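> coordinates only, sequence not included:
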Ligand SMILES: Cc1cc2nc3c(=O)[nH]c(=O)nc-3n(C[C@H](O)[C@H](O)[C@H](O)COP(=O)(O)OP(=O)(O)OC[C@H]3O[C@@H](n4cnc5c(N)ncnc54)[C@H](O)[C@@H]3O)c2cc1C
């Protein structure tokens, strides 16, 4: 026991040293000097979540004279990567809630309204009260919309009762999901998990939640009384083939049954009945607990604008038509799309935001100074995939499905490690908050 603790202490000390070095490197990279320009360019940012706040912080530092305006009605800031932890009963709800105000840099204006209309031809945004805000440059960072309505019979008011969970909907829903899941973990029964047919934020979270529920059942001594199913609309469990295979093997090992090409289309919440569509027809499954992850799409303000892709794989959910390396709009050169709204092949994580924002900002600054930027975003994203309480796999990859290792020789990507769990549960939030402040 003594030896074990001392090994863990050493590991933590090494992790802290590596983490500090990584944060210092991030900070140095992020501290690109203010540019020598007295440009009073008007820059509007739609959305003050992870990507909007990080953009405002970078821009404020680099363009001290510019007029920067954030538009967002939401006063609370949600640390969404923590929703899974709240839903697992590991963190309290307040762990994921803070205020938007505390991350807004000095000298940045905030209009506390939603954007109702974006007109890239006229170069203005209209807010929900009808106020017209003109811009020279626009950054769209309005995240995505959870489309629970696309699942017939789904009612978010049921989250937390009658065996319905969904950590995605927000902090309250995550806490309520923990109530429903922990009751299920005590009793056992049939548990259903899965993901939507659309692109989604944090594609690892539905997998994590199945693993965590399995572990909670084991800890409660009820695993023998439970049957767990994971139903994916795709032919794989994860978009990166080697990761998909690893998860399949782990699911097999834990007795979680996998079903491919099964899309959740309707729910009868009163009868606890879920209907899935597959190439073979429809299947009805009775459940005692279901974790619902809804289809996702661009928010209405983007769907109703000329900004979405017109065809191709990103058109159906109206993701923004941006260049995958520069995040610049392909038809409106003074418009950028960062974060979940960007129609790019990988991402929709806070980790992607961290690498996308400095690139988009550098291109915008380059336009102002007349010195074009050569910065490129390669699709880097990461996912600390919890596989049981106390263990996670840190998975990092890019557009080409290349696996990365930020901690070579220390954290192997496809291994279930305690140190990756520590990163997810302790180290990720400080890094995220530094990112909002433009320091990571
Ligand atoms: C359950 C869950 C687990 C996750 N786990 C991880 C993880 O482990 N690691 C990781 O890196 N990422 C994770 N993520 C994903 C990560 O949180 C998101 O990818 C990230 O927050 C995206 O940033 P964003 O700024 O694009 O969107 P958001 O942070 O969602 O911000 C969007 C903002 O736009 C605003 N907005 C919307 N519509 C309008 C409008 N019309 N006008 C003005 N403003 C508008 C919203 O109010 C919001 O403030 C997870 C997400 C969830 C839900």
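Thanks, I have the structure now. The shown structure was predicted, so the numbers you read here are calculated from the model rather than taken from an experiment.
> what residues does the stretch 151-300 of the chain put near the ligand?
Proximity of the stretch 151-300 of the chain to the ligand, by CB under 6 Å from any ligand atom, involves residues 167-168, 201-202, 205, 299. C-beta here means a position set from N, CA and C on the backbone, and glycine is covered the same way.
> let's see it at 8 Å
Residues of the stretch 151-300 of the chain found near the ligand (CB under 8 Å from any ligand atom) are 167-168, 174, 201-202, 204-205, 208, 299-300.
> and the two most separated of those residues?
Distance extremes for those: the farthest pair is 208 and 300 at 29.2 Å, using CB to CB.
> These two - which one has more neighbours?
When residue 208 and residue 300 are compared for neighbours, residue 208 comes out ahead with 23 against 15, by other CB atoms under 10 Å.
> any idea which helix or strand carries the more buried one?
Per DSSP states H and E, residue 208 falls inside helix 205-219.
> go on, residue 237?
Going by DSSP H and E, residue 237 is not part of any helix or strand.
> which residues does it contact?
By CB atoms under 8 Å, 6 or more residues apart in numbering, residue 237 lies in contact with 207, 230, 244, 247-248, 251, 258.
> For it, grab phi and psi.
The phi and psi torsions at residue 237 (degrees, to the nearest 10) take the values phi -100, psi -20.
> and the residues of the stretch 151-300 of the chain next to the ligand, which are buried?
The neighbour-count test (16 or more other CB atoms under 10 Å) marks 167-168, 174, 201-202, 204-205, 208, 299 as buried among these.
> what sits against residue 108?
56, 60, 68-70.
> Mind checking which of those residues land in strands?
Mapping these onto strands (DSSP state E) picks out 68-70.
> Show the overlap between the residues you listed and what lies near the ligand.
Answer for these near the ligand: none qualify (CB under 8 Å from any ligand atom).
> Among those residues, which one has the most neighbours?
For those, the largest number of neighbours (other CB under 10 Å) sits with residue 70, at 25 neighbours.
> Residue of the stretch 1-150 of the chain nearest the ligand, please.
At 1.7 Å from the ligand, residue 49 is the closest residue in the stretch 1-150 of the chain, using CB to the nearest ligand atom.
> which one is that residue nearest to, not counting chain neighbours?
Sequence neighbours aside, residue 143 is the residue nearest to residue 49 in space, at 5.3 Å (criterion: CB to CB, 6 or more residues apart in numbering).
> right, and the one you found touches residue 48 too?
No: with contact defined as CB atoms under 8 Å, residue 143 does not count as touching residue 48 (10.1 Å).
> who has more neighbours, the two?
With neighbours defined as other CB under 10 Å, residue 143 and residue 48 compare such that residue 48 has more, 28 against 22.
> Not counting its neighbours along the chain, what's nearest that one?
Among residues not flanking residue 48 along the chain, residue 72 sits closest, at 3.7 Å (CB to CB, 6+ apart).
> Mind pulling up the pLDDT for the residue nearest to residue 217 when sequence neighbours are not counted?
Distances taken as CB to CB, 6+ apart place residue 223 nearest to residue 217, at 4.3 Å, with adjacent residues excluded. Looking at residue 223, its pLDDT stands at 98.
> How about the contacts made by residue 223?
Neighbouring residues of residue 223 by CB under 8 Å, 6+ apart: 188, 214, 217, 255.
> re earlier: so which of the contacts of residue 237 belong to helices?
Mapping the contacts of residue 237 onto helices (DSSP state H) picks out 207, 244, 247-248, 251.
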